[in-house]
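> fold the following and give me the result.
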Amino acid sequence: MLRSLKDLEGFKINASDGGVGRVRDFYFDDARWRVRYLVANTQEFWETPNQVLISPVSFGRADWPSREFHLALTVAKVQHSPGIDCAKPVSRQLEQDHSLYYGWPGWWNEPSERPGGPDYGDPHLRSAQEVTGYRILALDEAIGHVDDFIVDDATWTIRYLVVDTGIWWVGKKVLLAPLWVDQISWAEHKVSVGVPREAIRNSPEWTPELPVNREYESRLYDYYGRPAYWVDAAK
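Alright, predicted model coming up:
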């Protein structure tokens, strides 16, 4: 099911033998557009480390009714995990330390899903919270900012960026697929998309209170004249 990452913030995280923290953030890579880590704030349960990374390898779908994540890990395993500083980018060395500690496979050897995308040699991941607020730059002019991300909670693939059109069209939010993104500039805090501003303005509006269903997705892809991701997946 497609879910908002913002809605997952604050969910309780349970190990196999007790609670370990709450969801603080998510890290994703922008070459493959997948969530690579959940950031757990453990301060509620112990003093150090305060922030730890948890790979989707160790959890499945979130338990939405109870607002919880259940890990295939023990409290002790999480408690002794290498800590992170959320004020700094996640380095490849830190990822390798976590991979060795937990026995997780290294995702960085996977091929990029972006046609013509860069070789993902950059060792840094970025947080969803950090990118939230970045300006959206259309082909011809700026239009709004990143407000949220819509993720498939079975595969943890990011399917859409939620765009708040802000002062241009107050109250309107629309969705853009990550494969339509040309570039994310960390230095300038902006996301460049290969879509004209007027096209974004007139695209199907997204209502946060309603789930993203296949009917809405079909209208969105038809509007932009782009191939739908689920058609390729069915081949």
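> check contacts around Asp85.
By Cβ atoms under 8 Å, 6 or more residues apart in numbering, the contact set of Asp85 is Gln51. Using the backbone N, CA and C atoms, a C-beta is placed for each residue, glycine as well.
> what pairs with the residue nearest to Thr155 when sequence neighbours are not counted across the strands?
Nearest residue to Thr155, sequence neighbours excluded (Cβ to Cβ, 6 or more residues apart in numbering): Arg34, at 7.5 Å. Beta-bridge pairing for Arg34 (DSSP bridges): Asp29, Thr157.
> pull up the gap between Arg34 and Thr132, please.
Separation of Arg34 from Thr132 (Cβ to Cβ, to the nearest Å): 17 Å.
> also Arg92?
Counting by Cβ to Cβ, the gap from Arg92 to Thr132 is 24 Å.
> next: Asp85.
In terms of Cβ to Cβ, Asp85 sits 19 Å off from Thr132.
> can you check Leu220 too?
Leu220 is 21 Å from Thr132, by Cβ to Cβ.
> please apply the same query to Val39.
14 Å.
> more neighbours, the two?
Between Val39 and Thr132, counting by other Cβ atoms under 10 Å, Val39 is the more crowded of the two (22 against 18).
> list the contacts of the more buried one.
Val23, Arg24, Asp25, Phe26, Tyr27, Gln51, Val52, Leu53, Ile54, Ile84, Cys86, Ser127.
> cool, Trp206 as well?
Val162, Lys173, Val174, Leu175, Val212, Tyr216.
> for the fourth one, helix, strand, or coil?
Secondary structure for Leu175, judged by DSSP: H, G, I helix; E, B strand; the rest coil, is strand.
> once you drop chain neighbours, what's closest to it?
Per Cβ to Cβ, 6+ apart, closest to Leu175 is Tyr160, 4.0 Å.
> roughly how far apart are the one you found and Gly19?
31 Å.
> who's more crowded, these two?
Between Tyr160 and Gly19, Tyr160 has the larger neighbour count (other Cβ under 10 Å), namely 23 against 14.
> residues contacting the helix or strand hosting Ser218, please?
Using DSSP states H and E, Ser218 maps to helix 214-224. Helix 214-224 is contacted by residues Leu175, Ala177, Trp180, Val195, Ala199, Ser203, Pro204, Trp206, Leu210, Pro227, Ala228, Trp230 when judged by Cβ under 8 Å, 6+ apart.
> using neighbour counts, pick out the buried residues of that helix.
Tyr216, Glu217, Leu220, Tyr221, Tyr224 (16 or more other Cβ atoms under 10 Å).
> and if you look at stretch 201-213?
In stretch 201-213, counting by 16+ other Cβ under 10 Å, buried: Ser203, Trp206, Val212.
> leaving out sequence neighbours, find the closest residue to the first one.
Nearest in space to Ser203, with sequence neighbours left out and distances taken as Cβ to Cβ, 6+ apart, is Val174 at 4.8 Å.
> mind listing what that neighbour touches?
Val162, Val163, Thr165, Ile200, Ser203, Pro204, Glu205, Trp206.
> for Leu137, see how far away it is.
Counting by Cβ to Cβ - Val174 and Leu137 are separated by 15 Å.
> picking that back up, flag the least confident of the contacts of helix 214-224.
Lowest pLDDT of the contacts of helix 214-224: Leu210, 85.
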